[in-house]
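Participant: here is a sequence with its predicted model. Questions after.
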Amino acid sequence: MLGRTRSVALLGVEGHVVEVEAHVADGLPAFALVGLPDASLSEARDRVRAALANAGHGWPQRRVTVNLSPASLPKTGSGFDVAVAVALLAALGQVPPDSAAGTLHVGELGLDGRLRPVRGVLPAVLAGARAGVRRVVVPAADADEARLVGDVDVVAAVDLADVVLAHGGLPGRPPGRSVPVPHPVAARAGAPRPEPDLADVVGQEEARHALEVAAAGGHHLLLLGPPGAGKTMLAARLPGLLPDLDDDTAVEVTAVHSVAGTFDPRGGLLRRPPFEDPHHTASTASVVGGGTGLPRPGAASRAHRGVLFLDEAPEFRHSVLEALRQPLEHGELVIARSRGVARYPARFQLVLAANPCPCGKGGGKGLECTCTSLARRRYLQRLSGPLMDRVDLQVQVQPVSHRAIRGGPGESSAVVAGRVRAARAAQRERLAGTGWQCNGEVPGPLLRGRLRLAPPATAAIDRALDRGLLTARGYDRVLRTAWTLADLAGRSPGREEVERAVFLRTMGGAA
């Protein structure tokens, strides 16, 4: 006897539909699970056996073989439990085989037969929909997340009996046992907390301008200055200047947070750019992703299409900082493990904040630094040249004066965000059909091809490149910033924008 159904294996945020087959044959009682399962999936045998028994369905005293196809694809996690149970029930004739075969099942089973929520429901249902599946069964707690995918009939099940009833079978509970009452639908999430306002930042006109340029073009930013100058305040206000995510991008971001287990589906798709600020003691795995078996997304992936802020950047481990070079260049993280390769999107804006020296007083007016020149040099050299070459804007943040504190508030985030939206709209129009969304993503061949500037405009950086003061990557990044400055001004870039872009890249003295 053979029963079939479907489930999904996740590699990174990419889902692959898996056919789950259960075969019941004569022979000594045994259970075999094949198809490259990991340890947690191999334990499904005991969970499914107990769940079927407590739901009133007997366990066959015969040889049971469950195959997860394709067998070469690594499968991990407990999300296959429900599919294994349904395939077995279909093989035993307790669930209509046609109904089971055409439905996708995702969920973990408790020993009492209840369905427990799992991570990654959104990308799993998306994978099923793209494969032509039109009906999915998920735990009731994951139903809101599954319903974010359109054109799919979502069945929310509290326990295994609900799953059987959904397929038109007969529940196997012993007489007299009460049917669990479905959990009430959770209330919609409250209004999101207001984002910090740029008007709260006192003074710092140059740094505020650099923040606006970073938001308008999607550029990476270094804020270098003494403690208390406002570096952290500025970085925390960058997401408030960014436009909302469009539909496709919102699905990408939400899928990452679903796999990471940080997504609350009650508020719908994530529409605001995320903000991640790991502590400087964070490990490489927590920032770029990792873990046993197939890796899980880290802070860099959770910041996809948003901001990754590293406060006290020189205090981070060297391995953490250098691991960011790949996503800064390619917009994704490729993490290889013995069981497979996981790819996570990681196109974020990197914001680094650093003191000018270990004591923090170097570079500020009227501040007496106690560090030696060697200590200052070693401190900033923790930010390697290859990493800093990828940072478009490197600005000096000076201590705040008493005149700035007594002065009126600066422009609000709403005002600056309006100019950012206008600049982004100009970029979308110019880059239509290229696959790029903003200037910070534009590749060098396009900058030196269709978007080539006239020789008089690039004379300064041409000389810097020839003299070895600027790398080819730095040359392209200056051009990207020049285009952003022009978009904010509503004109085409010229010599003034290029020279201003060079100044924004080097004013911190760390380039």
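Facilitator: Noted; the coordinates are in hand.
Participant: in stretch 124-135, what's buried?
Facilitator: Within stretch 124-135, the residues scored as buried using 16 or more other Cβ atoms under 10 Å are 124, 125, 126, 127, 128, 129, 133, 135. To be clear about C-beta, it is placed using only N, CA and C from the backbone, and glycine gets the same treatment.
Participant: in strands only, show me these.
Facilitator: residue 135 (DSSP state E).
Participant: nearest to residue 350, of the buried residues of stretch 124-135?
Facilitator: residue 126 (28.0 Å; Cβ to Cβ).
Participant: identify the residues contacting that closest one.
Facilitator: Residues near residue 126 by Cβ atoms under 8 Å, 6 or more residues apart in numbering: 15, 149, 251, 255.
Participant: which strand or helix spans residue 492?
Facilitator: For residue 492, there is no host helix or strand (DSSP states H and E).
Participant: likewise for residue 475?
Facilitator: helix 472-489.
Participant: that older thread, looking at the buried residues of stretch 124-135, which is nearest residue 429?
Facilitator: Minimum separation from residue 429 among the buried residues of stretch 124-135 (Cβ to Cβ) is found for residue 126, which lies at 29.4 Å.
Participant: tell me the secondary structure of residue 304, please.
Facilitator: coil (DSSP: H, G, I helix; E, B strand; the rest coil).
Participant: count of neighbours near it?
Facilitator: 28 (other Cβ atoms under 10 Å).
Participant: contacting residues around the closest residue to it other than its chain neighbours?
Facilitator: The spatially closest residue to residue 304, leaving aside those adjacent along the chain, is residue 345, at 4.7 Å (Cβ to Cβ, 6 or more residues apart in numbering). Counting by Cβ under 8 Å, 6+ apart, residue 345 touches 13, 252, 256, 301, 304, 305, 331, 332, 333.
Participant: tell me which of those residues fall in strands.
Facilitator: 332, 333.
Participant: got the contacts of residue 345 as CSV, with pLDDT and distance to residue 110 columns?
Facilitator: Listed next are the contacts of residue 345 as CSV, based on pLDDT from 0 to 100; distance: Cβ to Cβ, whole Å:
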residue, pLDDT, distance to residue 110
13, 91, 27
252, 94, 32
256, 95, 27
301, 96, 30
304, 97, 33
305, 96, 36
331, 92, 40
332, 92, 36
333, 91, 34
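Participant: out of the contacts of residue 345, which are buried?
Facilitator: 13, 252, 256, 301, 304, 305, 332, 333.
Participant: can you pull out the low-pLDDT segments for the stretch 251-400 of the chain?
Facilitator: Scanning the stretch 251-400 of the chain for pLDDT under 70 picks out the ranges 292-294, 338-339, 363-367.
Participant: change it to 50
Facilitator: Low-confidence segments of the stretch 251-400 of the chain (pLDDT under 50): none present.
Participant: identify the residues contacting residue 424.
Facilitator: Counted by Cβ under 8 Å, 6+ apart, residue 424 has contacts 216, 243, 437, 438.
Participant: helix, strand or coil for residue 202?
Facilitator: Assigned with three-state DSSP, residue 202 falls in the coil class.
Participant: isn't it up against residue 404?
Facilitator: Yes - the criterion here is Cβ atoms under 8 Å, and residue 202 meets it with residue 404 at 5.1 Å.
Participant: residue 23: neighbour count?
Facilitator: 18.
Participant: now the helices for the stretch 1-150 of the chain?
Facilitator: Residue ranges of the helices in the stretch 1-150 of the chain, as given by DSSP state H, counting those that start in this stretch, are 39-42, 44-54, 81-91, 97-101, 121-130, 143-146.
Participant: ramachandran coordinates for residue 385?
Facilitator: Residue 385 adopts backbone torsions of phi -60, psi -50, taken as degrees, to the nearest 10.
Participant: leaving out the residues flanking it, which one is nearest to residue 439?
Facilitator: Leaving aside its sequence neighbours, residue 439 sits nearest to residue 217 (Cβ to Cβ, 6+ apart; 3.9 Å).
Participant: that neighbour is in contact with residue 437, isn't it?
Facilitator: No - Residue 217 lies out of contact with residue 437 (Cβ under 8 Å); the separation is 10.5 Å.
Participant: which one of those two has more residues nearby?
Facilitator: Comparing residue 217 with residue 437 by neighbour count (other Cβ under 10 Å), the higher total belongs to residue 217, at 27 against 17.
Participant: so the more buried one versus residue 210, what's the distance?
Facilitator: 11 Å (Cβ to Cβ, to the nearest Å).
Participant: ok now do the spatially closest residue to residue 26 that is not a sequence neighbour, which residues does it touch?
Facilitator: Excluding its sequence neighbours, the residue lying closest to residue 26 (Cβ to Cβ, 6+ apart) is residue 62, at 5.9 Å. With contact set as Cβ under 8 Å, 6+ apart, residue 62 has these partners: 24, 25, 26, 27, 29.
Participant: and the next element down the chain from the helix or strand containing residue 207?
Facilitator: In the assignment (DSSP H and E), residue 207 maps to helix 205-217. Using DSSP H and E, the helix or strand that follows helix 205-217 in sequence is strand 221-224.
Participant: what residues of that following strand count as buried?
Facilitator: For strand 221-224, the neighbour count (16+ other Cβ under 10 Å) marks 221, 222, 223, 224 as buried.
Participant: residues in contact with the third one?
Facilitator: In other words, residue 223. Shown here is residue 223, whose contacts under the criterion Cβ under 8 Å, 6+ apart are 207, 210, 231, 234, 235, 351, 352, 353, 354, 395, 397, 508.
Participant: touching the helix or strand bottoming out on mean pLDDT in the chain from outside, list them.
Facilitator: Lowest by mean pLDDT, DSSP states H and E among the helices and strands of the chain is helix 402-406, with a mean of 74. By Cβ under 8 Å, 6+ apart, the surrounding residues in contact with helix 402-406 are 202, 203, 204.
Participant: using CSV, write out the CA atom coordinates for that helix.
Facilitator: What follows is helix 402-406, C-alpha atoms only, in CSV (Å, rounded to 0.1, in the frame of the first residue of the first chain):
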residue,chain,number,x,y,z
HIS,A,402,26.6,75.1,22.7
ARG,A,403,25.3,77.2,19.8
ALA,A,404,23.9,74.1,18.1
ILE,A,405,22.3,72.9,21.4
ARG,A,406,20.6,76.3,21.9
